[in-house]
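Novice: sequence first, predicted coordinates after that:
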Amino acid sequence: MKIRPVGDRILIKRTEEEETKKGGIIIPDTAKEKPQKGLVIAVGKKVNEKGETVEFQVKPKDKILFSKYAGTEVKLEDDDMLIVREEDILAVLE
């Protein structure tokens, strides 16, 4: 199934964190925090007050860092995705 976000929303796939931390300690899934890093999958169409289409600061395949409690979680074909507004994106990772 294909999905296209609407308006100023962006579809993100969370990237997984490493399983082990310093010292070789393995953190169980129930104690892990959800990652704040992700990969942009799709962007909507942002329109300004004049009705002109405006470009997003991110594009598909960008690796990003987003706010901890941002967006709405959705499940698509066994993948956990997140739909956020552009203002919830903090940085592009290079």
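Specialist: The structure has been received and is ready for your questions.
Novice: what's near enough to touch the residue most central in space within the chain?
Specialist: Nearest residue to the geometric centre of the chain (Cα atoms, centre = their mean): I12, 3.1 Å. The contact partners of I12, by Cβ atoms under 8 Å, 6 or more residues apart in numbering, come to 38-41, 64, 66, 71, 81-84. Every C-beta, even on glycine, is put in place using the N, C-alpha and C of the backbone.
Novice: buried subset of the residues you listed as a ChimeraX selection?
Specialist: Command for ChimeraX that selects the buried part of the contacts of I12, burial taken from 16 or more other Cβ atoms under 10 Å:
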select :38,40,41,64,66,71,81,82,83,84
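Novice: for the contacts of I12, give me JSON lines that also has secondary structure, distance to E16 and pLDDT.
Specialist: Formatted as JSON lines, the contacts of I12 follow (DSSP: H, G, I helix; E, B strand; the rest coil; distance: Cβ to Cβ, whole Å; pLDDT from 0 to 100):
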{"residue": "G38", "secondary structure": "strand", "distance to E16": "10", "pLDDT": "91"}
{"residue": "L39", "secondary structure": "strand", "distance to E16": "11", "pLDDT": "93"}
{"residue": "V40", "secondary structure": "strand", "distance to E16": "16", "pLDDT": "94"}
{"residue": "I41", "secondary structure": "strand", "distance to E16": "15", "pLDDT": "93"}
{"residue": "I64", "secondary structure": "strand", "distance to E16": "15", "pLDDT": "93"}
{"residue": "F66", "secondary structure": "strand", "distance to E16": "15", "pLDDT": "91"}
{"residue": "G71", "secondary structure": "coil", "distance to E16": "17", "pLDDT": "88"}
{"residue": "M81", "secondary structure": "strand", "distance to E16": "14", "pLDDT": "89"}
{"residue": "L82", "secondary structure": "strand", "distance to E16": "14", "pLDDT": "92"}
{"residue": "I83", "secondary structure": "strand", "distance to E16": "19", "pLDDT": "93"}
{"residue": "V84", "secondary structure": "strand", "distance to E16": "18", "pLDDT": "93"}
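Novice: all set now, cheers.
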